[in-house]
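Peer 1: Okay, structure incoming, though there's no sequence with it:
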């Protein structure tokens, strides 16, 4: 599976060329200082954090800023486990209060029972819809928090997410759907409306797609499992929402939008690198976890051996997820860059 640059190479090279043609924004935004610092200070619905600026620190207590961590939970990326770490594994002066038998906890700030520092399914439920994507969250979170807290607030939003190697993630979603999962209640709200049945038909006729074969899973052109990470991180209003997701030009624009948004995320982790994911989060938010993250390799996707798949199936997985492979390659480099910067900062703090 590590050879995905060889398998499906022609598809990925073609998309890379198109990607460069449409790459009209600044690829060095990550290191841009003054512009992003100004955004952090002035924007009422900011989703950007300037990582090189010592002046930007997550204010969990809400003394100066009403800061909120917003988790974009992409299916089968380890988001549930990461979300549990956020609600129950952080060393906090005021930990989240969880009722027995309930998955939703109250993660309110010190001195308040309503003001939330965490927006995720573990703190406010699926308030913006089941597995809401970036497009849904960016338009939903402020009003939902106003409603939840019964007050209009000027906040800073620190978006976070987890990403996973696309081949394994796709197989994991196939296995999950094969067991009966549908995420049928997801809204897919975009530009003020949900997609029509013509824009987003179902891939199955019964109550679920239970028992679906891999070939069937790969064959449905409307299967949202394909390029899920790219689609869920992109601004879908820039590509006409769900009207033309299969269009080649749309895919390129969607990929570039996902890259741009990922750069602006305060934090993202990689499922395949739990150690650095933990360290990077702790360094970014100046918060510590009580128990270390554990690297798990015994997943459902890992149980599927490459030799159990046909060459055609392997090729098809790479083809239909070409944007996700490109996004993950980009994310992995950006992750390494952020981890290297973190280690350099820590080295400078250590007296010689």
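Peer 2: Perfect, thanks for sending it. These figures come from a predicted structure and were not determined experimentally.
Peer 1: and residue 86, what does it touch?
Peer 2: Listed by CB atoms under 8 Å, 6 or more residues apart in numbering, the contact set of residue 86 reads 69, 71, 118, 120, 122. All C-beta atoms are positioned from the backbone trio N, CA, C, and that covers glycine.
Peer 1: A strand includes the first one, no?
Peer 2: Yes - applying DSSP: H, G, I helix; E, B strand; the rest coil, one finds residue 69 inside a strand.
Peer 1: got a list of what the residue lying closest to residue 273 once chain neighbours are set aside touches?
Peer 2: Distances taken as CB to CB, 6 or more residues apart in numbering put residue 335 closest to residue 273, at 7.3 Å, once the chain neighbours are dropped. In this structure, residue 335 makes contact with 268, 269, 270, 273, 276, 280, judged by CB under 8 Å, 6+ apart.
Peer 1: buried residues in the host helix or strand of residue 335?
Peer 2: Under the criterion DSSP states H and E, the helix or strand holding residue 335 is helix 322-349. When burial is assessed from 16 or more other CB atoms under 10 Å, helix 322-349 yields the following buried residues: 322-328, 330-331, 334-335, 338-339, 341-342.
Peer 1: centre of the chain versus it, how much separation?
Peer 2: The gap between where helix 322-349 is centred and where its chain is centred comes out at 15 Å by CA atoms, centre = their mean, to the nearest Å.
Peer 1: please begin residue numbering at 37 from this point
Peer 2: From this message on, residue numbering opens at 37, which makes the last subject helix 358-385.
Peer 1: Show me what the mean pLDDT comes to for it.
Peer 2: Per-residue pLDDT values across helix 358-385 average out to 95.
Peer 1: swap in stretch 213-226?
Peer 2: The pLDDT scores in stretch 213-226 average 95.
Peer 1: Please apply the same query to stretch 159-171.
Peer 2: Here stretch 159-171 scores 97 as its mean pLDDT.
Peer 1: how far does it sit from the chain's center?
Peer 2: Here stretch 159-171 shows a centroid-to-chain-centroid distance of 12 Å under the convention CA atoms, centre = their mean.
Peer 1: First-to-last residue distance for it?
Peer 2: Across stretch 159-171, the terminal residues are separated by 20 Å (CA to CA, to the nearest Å).
Peer 1: before we move on, what about stretch 240-254?
Peer 2: Looking at stretch 240-254, the gap from its leading to its trailing residue is 13 Å under the measure CA to CA.
Peer 1: outside of that stretch, which residues touch it?
Peer 2: Taking CB under 8 Å, 6+ apart as the criterion, the residues outside stretch 240-254 that touch it are 210, 213-218, 239, 259, 261, 345, 349, 352-353, 356.
Peer 1: if we can go back for a sec, farthest pair within the buried residues of helix 358-385?
Peer 2: The two members of these with the most space between them (CB to CB) are 358 and 378, at 30.7 Å.
Peer 1: The residue nearest to residue 309 and residue 289: what is the separation?
Peer 2: Distance, residue 371 to residue 289, using CB to CB, to the nearest Å: 23 Å.
Peer 1: for this protein, what spans make up the strands?
Peer 2: With DSSP state E, the ranges of strands along the chain come out as 81-82, 102-108, 133-134, 141-142, 154-155, 191-199, 303-306.
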